[in-house]
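Chemist: coordinates only, sequence not included:
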Ligand SMILES: Cc1ncc(COP(=O)(O)O)c(C=O)c1O
């Protein structure tokens, strides 16, 4: 069957033909290729078209597709251990590895996705503080949990409206929305709601409005406000963890979160997530404490083995991050200089191996409002051009591209060559 035949038939059995909306290429009004296999930096569709991949399964594949060590760990484990729903040594090994190699991670609870990690972290924060309200930032995404599917209400700085059908007003009445990198706005939220605020959840390097990094002073003041009002600070590192460097975005700021969430890379490409942090908070979790959270598949042995193989390899090879940084810088400066030459208005935001090319006239992109200034028609044209020339990049202006250790200077040069041939006008 061709790509098109498979996708058309998929639509009969799965809404939109997909199991996660962005895969349907709706923003770019194209039909997605149906991916059949991956190897290193390449993915191949059902018609054996080859693409250089800058999506990496939306982050997890930092070691490239089907890394030998990860594949072997999965194969070895599934010979004898698929699922038990009981304690295993593998989950201990991954938990211990993370507690000893990461900062501010004293105890961990494994779950099965980023969504599960963030929603559970918020519940834990509520249970720990005895408060109900949670502050999130416009443009940050923390999964599809009802309490996070909130859009900023027009004109109202902090009161949200449901961001999806099926989300009752009741479920989001305790969710407040703040403006990223705007400390005055956040001070106002705290003045108004601080005493009821259980937690602030933030992507310290946002990837879900494209890449936008929190500013140092903003993060410091945010921490100070949380301390003043006894509010917990949760870093959502589902995307940035093990990505911007091994220790994640929190190592870029001299600020300690109380809780941290991980997923994506920590599962080596298998369904995984975790929330972690201060022991005195984590000990409020059932069976030790009163906050209930459970999972039949949590800590699954095959997932733990894939995660452990991935994290050990990354930890033992710091040169991987140096390589990714070098390639990222090469890609960024190449795009910036070609855009200047060709008069294409862009801002390129990058943090290590995550990067977004924003097609905007603004000088900087530092918040959701800047992101919304982008010309999505130009993005669509750019995306189509890249795909036609064998590059798989995220099919939306508001996402991050990801580099892996398998990318080479040659791949970056090819990217730049194709970018140079992009007809902007
Ligand atoms: C920062 C962040 N948090 C949470 C999530 C949700 O993770 P999942 O898709 O594994 O549920 C995502 C997904 O992209 C994410 O980027």
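Modeler: Alright, I've got the coordinates. Computed from a predicted structure; not experimentally measured. Numbering: from 1, shown residues only.

Chemist: state the distance from whatever residue of the stretch 151-300 of the chain ends up closest to the ligand to residue 129.
Modeler: Going by C-beta to the nearest ligand atom, the ligand is nearest to residue 238 of the stretch 151-300 of the chain, at 3.5 Å. Bear in mind the C-beta positions are built from the backbone N, C-alpha and C, glycine included. Between residue 238 and residue 129 the computed distance is 22 Å (C-beta to C-beta, to the nearest Å).

Chemist: so between these two, which is more surrounded?
Modeler: A direct count of neighbours by other C-beta atoms under 10 Å for residue 238 and residue 129 places residue 238 higher, at 28 against 20.

Chemist: for the more buried one, which three-state class applies?
Modeler: Recorded secondary structure, residue 238: coil (DSSP: H, G, I helix; E, B strand; the rest coil).

Chemist: number of residues surrounding the residue of the chain found nearest the ligand?
Modeler: Residue of the chain nearest the ligand, by C-beta to the nearest ligand atom: residue 114 (2.2 Å). The tally of other residues near residue 114 (other C-beta under 10 Å) stands at 31.

Chemist: that one contacts residue 261, correct?
Modeler: Yes: in terms of C-beta atoms under 8 Å, residue 114 counts as a neighbour of residue 261; the distance is 6.8 Å.

Chemist: give me the common contacts of those two.
Modeler: Contact criterion C-beta atoms under 8 Å, 6 or more residues apart in numbering; residues shared by residue 114 and residue 261: 142, 236, 238, 273.

Chemist: need the residues you listed in TSV (columns: pLDDT).
Modeler: Putting the shared contacts of residue 114 and residue 261 into TSV (pLDDT from 0 to 100) gives the following:
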residue	pLDDT
142	96
236	98
238	98
273	98
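
Chemist: what about burial for these, which qualify?
Modeler: Neighbour-count burial (16 or more other C-beta atoms under 10 Å) applied to these gives 142, 236, 238, 273.

Chemist: please name the bridge partners of the last one.
Modeler: Spelled out, it's residue 273. In this structure, residue 273 bridges to residue 111, residue 263 when assessed by DSSP bridges.

Chemist: and for the second one?
Modeler: With DSSP bridges applied, residue 236 shows beta-bridge pairing to residue 261.

Chemist: how about the residues of the stretch 201-350 of the chain near the ligand?
Modeler: Contacts of the stretch 201-350 of the chain with the ligand, taken as C-beta under 6 Å from any ligand atom, map to 203, 207, 208, 236, 238, 239, 263.

Chemist: quick check: domain ranges of this structure?
Modeler: Following automatic domain parsing, one gets these domains for the chain: 1-49, 68-316, 337-388.

Chemist: how many neighbouring residues does the residue nearest to residue 83 when sequence neighbours are not counted have?
Modeler: Computed as C-beta to C-beta, 6 or more residues apart in numbering, the closest residue to residue 83 that is not its neighbour in sequence is residue 300, at 5.7 Å. The number of residues packed near residue 300 is 27, by other C-beta under 10 Å.

Chemist: can you tell me the SS state at residue 415?
Modeler: Secondary structure of residue 415, per three-state DSSP, is helix.

Chemist: for residue 407, same thing?
Modeler: The three-state label given to residue 407 by three-state DSSP is coil.

Chemist: surely residue 56 meets residue 406?
Modeler: No: using C-beta under 8 Å, residue 56 makes no contact with residue 406, being 9.5 Å away.

Chemist: so which of the two has more stuff around it?
Modeler: Counting neighbours by other C-beta under 10 Å for residue 56 and for residue 406 shows that residue 56 has the greater number, 30 against 21.

Chemist: what residues does the stretch 1-150 of the chain have near the ligand?
Modeler: Taking C-beta under 6 Å from any ligand atom as the criterion, the neighbours of the ligand within the stretch 1-150 of the chain are 58, 113, 114, 115, 118, 141, 142, 143.

Chemist: who wins for most neighbours among the residues you listed?
Modeler: Highest neighbour count within these: residue 114, with 31 neighbours (other C-beta under 10 Å).

Chemist: how about the shared contacts of residue 114 and residue 261 in a markdown table, adding distance to residue 80?
Modeler: Listed next are the shared contacts of residue 114 and residue 261 as a markdown table, based on distance: C-beta to C-beta, whole Å:
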| residue | distance to residue 80 |
| --- | --- |
| 142 | 36 |
| 236 | 35 |
| 238 | 30 |
| 273 | 24 |
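
Chemist: among those, which one sits closest to residue 413?
Modeler: Among those, residue 238 lies closest to residue 413 (C-beta to C-beta), at 31.3 Å.

Chemist: and that closest one, how far from residue 173?
Modeler: 25 Å.

Chemist: residue 415 is nearest to which of the domains of the chain?
Modeler: When the domains of the chain are ranked by proximity to residue 415 (C-beta to C-beta), domain 337-388 comes first, at 8.0 Å.

Chemist: relative to the whole chain's centre, how far out is the closest one?
Modeler: Remark: domain 337-388 is offset 19 Å from the chain centroid, using C-alpha atoms, centre = their mean, to the nearest Å.

Chemist: returning to that earlier point: what residues are up against the residue nearest to residue 83?
Modeler: Applying C-beta under 8 Å, 6+ apart to residue 300 gives the contacts 83, 112, 270.
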